[in-house]
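Engineer: Structure of the sequence below:
(chains A and B)
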2 protein chains.
Amino acid sequence: MSIAEAGEFGLIARVVARLENGPTTLLGPGDDSAIVAAPDGRIVASTDVLVEGRHFRRDWSSGADVGHRAAAANLADIAAMGAVPTALLVGLCAPADLELSWAEELAGGLSDEAALTGASVVGGDTSASPTLTIAVTALGDLGGRPPVLRSGAQPGDVIAIAGRIGHAAAGYTVLSRGFRTPKALVEAYRRPVVPYEAGPAAARAGATAMIDVSDGLLQDLGHIARASVVGVDVHTNTFEISGQMRDAAAALGVDPLQWILGGGDDHALVATFPAEAVLPQDWTVIGKVHESTGVTVDGRPWGGPVGWDHFR
Amino acid sequence: MSIAEAGEFGLIARVVARLENGPTTLLGPGDDSAIVAAPDGRIVASTDVLVEGRHFRRDWSSGADVGHRAAAANLADIAAMGAVPTALLVGLCAPADLELSWAEELAGGLSDEAALTGASVVGGDTSASPTLTIAVTALGDLGGRPPVLRSGAQPGDVIAIAGRIGHAAAGYTVLSRGFRTPKALVEAYRRPVVPYEAGPAAARAGATAMIDVSDGLLQDLGHIARASVVGVDVHTNTFEISGQMRDAAAALGVDPLQWILGGGDDHALVATFPAEAVLPQDWTVIGKVHESTGVTVDGRPWGGPVGWDHFR
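Structural biologist: Predicted coordinates for the structure are as follows:
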């Protein structure tokens, strides 16, 4: 059955049936607005859009995969402030002939990914559109902590990362060359594994700046460098390149460092910490903040791609 | 200049330059997330998507018009809970050849409409897309009051409305027949005039249920009737039909009651109040809640269209 056959209210009923309310949901879907607990007295909020053909392909990813990825992209932005996600709102624009089951799977993926953080899908909207588009807004709570901004890095800080890096980009390259394996890389592209708890943990450990790697490590570190008016240097010998990634890179004729330094979509968290800070579990040092400006790799400018421009 | 020529970060810089931070914005655009004051300890949140060709046409509405309308549709959902809007987040999906000036005007319209309520645009995201799509999330604060849900209407309550009704639908009909006047109706379609303050005022006056009229008065009253398990009856002799609307209806061969009862997009607020309540300024009684179920007009079923299905 298509979503047009189900009708707007039929679609909404089926989608809502796939959602589960969490502890922070005071009023879930079904009224003009949702109501979410905001015990901190401040709310952290972020929006990301995913457009078919640009951010996902239905022949590469299931509805559930896209739901997981759309949720992860937004939840990671909340974690990157040092906050704990509480809610998602979802706008779904879809061709009238979209299978209802795809929309239901999408809702299930969104809900399941949110549940990993304790958050829930609390509301949304739907419309017909020629282009399948998913707009997600995530909300989160700071738990009384100051937010970790992009602008607080200091010369002498270490740069550290939590989560996988380069895996999603490798999976994307694999899929775009027409392959379906190695499965671990393809799955990393389909469903990022985001270390959500590493965000608040970094805040508690004194992180001075933080960002989620959505567009590419060097590009996203560039945002920290510019906002903090510092230089950052990444040390490539700190990256463990798995055998699987190395083999895939060799087979596809790619330098795996291009995936690691320029690939987005893993939604790892990268943060700066004072040199004397005790890094929490899951965080690995990958470089150093210095005076001066810009982003370097092993002390030199990087010649490869640094990331993604959404209009180029 | 097109947005592709400006590039993603050029577009964002130009758009952000059109925004103004309000008193509830603790951290505006530029980091992974925004931070918004939530003094109530609960946050009210709602999402609406607008798709070109379905919710707006660029030959009918300017970028600023679309911005005002996109903001109004969302801010009205916050007001309909009895809450005061605090923030908007905006996802913009646009063809690469969209004029940068159109996106800037859109941002200006969103920001100006939000400012009417004290809210600000605090964040967003952009992507290229074949279909121009605007996804807006609004946040709001309840100021310590219980929310006004759809489910609280009681037999014996009066039904009252605040704001214009039928004007936007009349303007839509005028435009769709190829005319550009009467200007008042066309403008009502382009930029709804929403009585935002009437929402919290209704909550303070003891409103038992409330909704914003986005899809059509009878359809939206039907949501209250179903959620409250009551019947509602609308009295057509309570509607003042302006001379301009009457003339336009006669010229176009339309029953103006179709615009009033079935037309959406004005984002009037409709609420139920105990019979003894003193209605706040701007609220006019248009009907009555009774036992039984369903929506009637002057005691009888309505034969005309009741509203809008977004997939039909």
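Engineer: mind checking the SS state of the residue of the stretch 1-150 of chain A found nearest chain B?
Structural biologist: Distance from chain B to each residue of the stretch 1-150 of chain A (Cβ to the nearest Cβ) is smallest for A:Ala135, at 3.3 Å. Every residue, glycine included, has its C-beta placed from N, CA and C. Put simply, A:Ala135 is strand when judged by DSSP: H, G, I helix; E, B strand; the rest coil.
Engineer: and it, what is it in contact with?
Structural biologist: A:47-50, A:90-91, A:93, B:47, B:49, B:91, B:93, B:125, B:133, B:135 (Cβ atoms under 8 Å, 6 or more residues apart in numbering or on different chains).
Engineer: So which of the residues you listed sit within strands?
Structural biologist: Using DSSP state E, the members of these that fall in strands are A:47-50, A:90-91, A:93, B:47, B:49, B:91, B:93, B:125, B:133, B:135.
Engineer: hang on, the earlier thing: would you turn the contacts of A:Ala135 into CSV with pLDDT and distance to A:Phe179?
Structural biologist: Converted to CSV, the contacts of A:Ala135 look like this (pLDDT from 0 to 100; distance: Cβ to Cβ, whole Å):
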residue, pLDDT, distance to A:Phe179
A:Thr47, 97, 33
A:Asp48, 96, 28
A:Val49, 97, 28
A:Leu50, 97, 23
A:Val90, 97, 31
A:Gly91, 97, 33
A:Cys93, 97, 31
B:Thr47, 97, 37
B:Val49, 97, 35
B:Gly91, 97, 32
B:Cys93, 97, 29
B:Asp125, 95, 30
B:Thr133, 98, 32
B:Ala135, 98, 34
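Engineer: anything in stretch A:90-107 near chain B?
Structural biologist: Yes. Stretch A:90-107 lies within reach of chain B by Cβ under 8 Å from any Cβ of the partner chain, at A:Val90, A:Gly91, A:Leu92, A:Cys93, A:Ala96.
Engineer: Just give the number of residues close to the closest residue to A:Ala79 other than its chain neighbours.
Structural biologist: Of all residues not flanking A:Ala79 in the chain, A:Gly199 sits nearest, at 3.0 Å (Cβ to Cβ, 6 or more residues apart in numbering or on different chains). Using other Cβ atoms under 10 Å in any protein chain shown, A:Gly199 has 31 neighbouring residues.
Engineer: cool, A:Val122 as well?
Structural biologist: Other residues lying near A:Val122 total 30 when counted by other Cβ under 10 Å.
Engineer: Same question for the one 10 residues further on.
Structural biologist: Burial of A:Leu132 is recorded as 22 neighbouring residues (other Cβ under 10 Å).
Engineer: Equivalent analysis for A:Gly299, please.
Structural biologist: By other Cβ under 10 Å, neighbour count at A:Gly299 equals 10.
Engineer: Might you report the residue contacts of it?
Structural biologist: Listed by Cβ under 8 Å, 6+ apart, the contact partners of A:Gly299 are A:Asp233.
Engineer: re earlier: ok, the residue nearest to A:Ala79 touching A:Gly163?
Structural biologist: No. With contact defined as Cβ atoms under 8 Å, A:Gly199 does not count as touching A:Gly163 (10.0 Å).
Engineer: ok, back up a step: between the contacts of A:Ala135, which has the most around it?
Structural biologist: When these are compared by neighbour count (other Cβ under 10 Å), B:Ala135 ends up highest, at 34 neighbours.
Engineer: Without its sequence neighbours, what residue ends up closest to that one?
Structural biologist: Among residues not flanking B:Ala135 along the chain, A:Ala135 sits closest, at 3.3 Å (Cβ to Cβ, 6+ apart).
Engineer: Could you do A:Leu50 as well?
Structural biologist: Using Cβ to Cβ, 6+ apart and skipping residues adjacent in sequence, the residue nearest A:Leu50 is A:Ile134, 4.6 Å away.
Engineer: And the pLDDT for the one you found?
Structural biologist: In this model, A:Ile134 is scored at 98, pLDDT.
Engineer: and if you look at A:Gly22?
Structural biologist: A:Gly22 is given a pLDDT of 88.
Engineer: just the strands in the stretch 151-300 of chain A please.
Structural biologist: A:158-162, A:209-212, A:231-234, A:269-273, A:284-290, A:294-297 (DSSP state E, counting those that start in this stretch).
Engineer: and A:His55, how many neighbours does it have?
Structural biologist: Per other Cβ under 10 Å, the neighbour tally for A:His55 reads 20.
Engineer: Next up, the contacts around it.
Structural biologist: A:Val49, A:Arg69, B:Ser127.
Engineer: Tell me what the residue nearest to the first one when sequence neighbours are not counted is bridged to.
Structural biologist: It refers to A:Val49. Counting by Cβ to Cβ, 6+ apart, A:Val49 lies nearest to B:Gly91, which is 4.0 Å off, once chain neighbours are set aside. On the basis of DSSP bridges, B:Gly91 is bridged to B:Asp125, B:Ala135.
Engineer: for the stretch 201-312 of chain A, what are the low-confidence residue spans?
Structural biologist: Counting by pLDDT under 70, the stretch 201-312 of chain A contains low-confidence ranges at A:306-312.
Engineer: all helices of it, in order?
Structural biologist: Secondary structure of the stretch 201-312 of chain A (DSSP state H, counting those that start in this stretch): helices located at A:217-228, A:243-252, A:256-262.
Engineer: Kindly present those as TSV, with separate columns for mean neighbour count.
Structural biologist: TSV is the format used below for these (neighbours: other Cβ atoms under 10 Å in any protein chain shown):
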stretch	mean neighbour count
helix A:217-228	23
helix A:243-252	15
helix A:256-262	22
